[in-house]
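Q: with the input below, show me the fold.
(one chain, ligands or ions: 1)
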Amino acid sequence: MEKEPLLMLPGPVPMPERVRAAMMRQAINHRGKEFSGVYADCVRILKTAFGTENDLFVISGSGTASMEAAVGNFGRGRKIACLVNGKFGERLYKISQRYGSAIEIGSEWGTPLDLGKLEKALSEGAEMITLVHNETSAGIRNPAEKVGRLARKYDALFVMDGITSIAGDLVKSDAWGVDVAVVGSQKCLAAPAGLSALSVSNRAWERMTEPRPYYLDLAAYRKSASAKLMETPYTPAVPLFLALREACLILEEEGLPARIERHHRMAEAVRAAAKTWGLSLFPRIDSDHAYSNTATAIRLPEGVEDAEFRATIKNMGIEIAGGQDHLKGKIFRIGSMGAVGAPEILATLAAVQYALKKHGYNPKGCGVIAAAEVLG
Ligand SMILES: Cc1ncc(COP(=O)(O)O)c(C=O)c1O
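A: Purely as a prediction, here's the structure:
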């Protein structure tokens, strides 16, 4: 029997049937009333998930496109302090190097950021900060609110990658002083890959830098969005917008607080399983940093070979992620984003528990039951 694999990755994630169906239709004119309504619905609902009343745009391009739009429109020539404790913080640092004068404030992947060093960089003239709120590569949630306070204290712009936190974890962009926040479609929104969205504060608009990018010129996005019929400057990925609108409506129906609570419980269930197996979570957290509520990174036990371990799980129809870059073979990651609930989590944990045993690690206890106790 041909069966779709269950993607328990930190994105892309399974899409509800309604989201898939929304894409399957005849083309529509992106300069017409219907598209304008689709775009407006996405913006309205995403603003709630971002916790913002600022302008918000949907970009035809994955999360990285919006990360680049943020730095490219507001950071050219600027001194940019980049907080790095994982792959995506590093990506924002690399983007910042292309546009401005980037200062890396790095910690080992999955370990706490040094906000003292950030404050020093700000006192020495850094004008922009980049932060990944939920560092998916290491399963750690970084202290966005504290970083926002420092940004305000030193009057710096604050760019926050919320790609895997927005719509799955609590984000309060305006209250935290985030000037530009970014989300990706294929993560907690459970929409198809290929779109991202970003919000822009008035402070950021007042500090646009020149020359601006062409395709990702946010002034052009603003002009098109404020036209009588809301639109995008260039032809958007219309089928993806249709699907994103449906995903946003589902979010609205569930309600943001309930959705966040569901994500928290699923991640807690995965953490309970890891603990019961006797495995350690990868990140080192402190009072400012927390375990991610959307992607759990677990240390692979000594002797278990990553590729074989995950192949066994894949043979059972479930895909989980390995580590990236230097963490390859050292950790595995289970995504708990989007439309998934107890059935998917419990099936995944049962497959992982089996694969651990098969590949040489004897779990100390039954993680599936521990997870069920959290979910039940
Ligand atoms: C935190 C974070 N930032 C950025 C990205 C990059 O997004 P994309 O692959 O959609 O360009 C990802 C993707 O996994 C991510 O998890």
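Q: check contacts around the residue in the stretch 201-350 of the chain positioned nearest to the ligand.
A: The minimum distance from the stretch 201-350 of the chain to the ligand, using C-beta to the nearest ligand atom, falls at residue 295 (7.6 Å). Every residue, glycine included, has its C-beta placed from N, CA and C. Counting by C-beta atoms under 8 Å, 6 or more residues apart in numbering, residue 295 touches 10, 134, 136, 139, 164, 267, 333-337.
Q: in helices, which of those residues fall?
A: Judged by DSSP state H, the subset of the contacts of residue 295 located in helices is residue 267.
Q: so what's the residue of the stretch 201-350 of the chain closest to the ligand closest to, chain neighbours aside?
A: The shortest distance from residue 295 to any non-neighbouring residue, by C-beta to C-beta, 6 or more residues apart in numbering, is to residue 10 (3.8 Å).
Q: and residue 238, how many neighbours?
A: Neighbours of residue 238 under the rule other C-beta atoms under 10 Å: 20.
Q: residues from the stretch 1-150 of the chain in reach of the ligand?
A: The stretch 1-150 of the chain comes close to the ligand at residues 10-11, 62-64, 88, 132, 134, 136, as judged by C-beta under 6 Å from any ligand atom.
Q: most neighbours out of the residues you listed, which is it?
A: Of all those, the highest neighbour tally under other C-beta under 10 Å goes to residue 132, namely 33 neighbours.
Q: now it: phi and psi?
A: phi -100, psi 120 (degrees, to the nearest 10).
Q: just the pLDDT at it, thanks.
A: pLDDT, residue 132: 99.
Q: so what's it up against?
A: Applying C-beta under 8 Å, 6+ apart to residue 132 gives the contacts 83, 85-86, 88-89, 92, 142, 160-161, 163.
Q: with residue 247 instead?
A: 15-16, 19, 185, 189-191.
Q: those in strands, which ones?
A: Counting by DSSP state E, no part of the contacts of residue 247 is found in strands.
Q: so which of the residues you listed are in helices?
A: Among the contacts of residue 247, DSSP H puts residue 19 in helices.
Q: about what we covered before: any idea how far the residue of the stretch 201-350 of the chain closest to the ligand is from residue 360?
A: 25 Å (C-beta to C-beta, to the nearest Å).
Q: residue 204: neighbouring residues, count only.
A: Applying other C-beta under 10 Å, we find 22 residues neighbouring residue 204.
Q: for it, which non-adjacent residue is closest in space?
A: Of all residues not flanking residue 204 in the chain, residue 179 sits nearest, at 4.2 Å (C-beta to C-beta, 6+ apart).
Q: that neighbour contacts residue 201, correct?
A: Yes - Residue 179 is within contact range of residue 201, at 4.3 Å (criterion: C-beta atoms under 8 Å).
Q: what about those two, which has more around it?
A: A count of neighbours by other C-beta under 10 Å puts residue 179 above the other of residue 179 and residue 201, at 25 against 22.
Q: how about the contacts made by that one?
A: Taking C-beta under 8 Å, 6+ apart as the contact definition, residue 179 lies against 74, 151, 157-159, 200-201, 203-204.
Q: tell me which two of the residues you listed sit farthest apart.
A: Farthest apart among these by C-beta to C-beta are 151 and 200. That separation is 14.8 Å.
Q: who's more crowded, those two?
A: Neighbours per residue, other C-beta under 10 Å: of residue 151 and residue 200, the larger number sits with residue 151, 27 against 24.
Q: name the element that one belongs to?
A: helix 144-153 (DSSP states H and E).
Q: only the buried residues of that helix, if you could.
A: Neighbour counts over helix 144-153 (16 or more other C-beta atoms under 10 Å) mark 144, 147-148, 150-151 as buried.
Q: how far away is residue 367 from residue 285?
A: 20 Å.
Q: who has more neighbours out of those two?
A: residue 367 (25 against 16).
Q: residue contacts, the residue nearest to that one when sequence neighbours are not counted?
A: Distances taken as C-beta to C-beta, 6+ apart place residue 273 nearest to residue 367, at 3.1 Å, with adjacent residues excluded. Residue 273 sits next to 349, 352-353, 367-368, 370-371 when contact means C-beta under 8 Å, 6+ apart.
Q: those residues also near the ligand: which ones?
A: Within these, nothing lies near the ligand by C-beta under 6 Å from any ligand atom.
Q: surely residue 66 is within a strand?
A: No - assessed with DSSP: H, G, I helix; E, B strand; the rest coil, residue 66 is helix; it does not lie in a strand.
Q: which residues touch it?
A: Contacts of residue 66 (C-beta under 8 Å, 6+ apart): 59, 182-184, 196-198.
Q: same check on residue 192?
A: Going by C-beta under 8 Å, 6+ apart, residue 192 touches 12, 15, 19, 23, 185-186, 240, 243-244.
Q: at 6 Å what do you get?
A: 240, 243 (C-beta atoms under 6 Å, 6 or more residues apart in numbering).
Q: pLDDT at it, what is it?
A: Confidence at residue 192, expressed as pLDDT, is 98.
Q: measure it to residue 26 for me?
A: 18 Å.
Q: what of residue 77?
A: Residue 77 is 46 Å from residue 26, by C-beta to C-beta.
Q: and those two? which has more neighbours close in?
A: residue 77 (12 against 4).
Q: confirm that one sits in a helix?
A: No - per three-state DSSP, residue 77 lies outside any helix segment and is coil.
Q: got the contact list for it?
A: By C-beta under 6 Å, 6+ apart, the contact set of residue 77 is 100, 209.
Q: let's see that with 10 Å instead.
A: Taking C-beta atoms under 10 Å, 6 or more residues apart in numbering, we find residue 77 in contact with 99-101, 127, 209-211.
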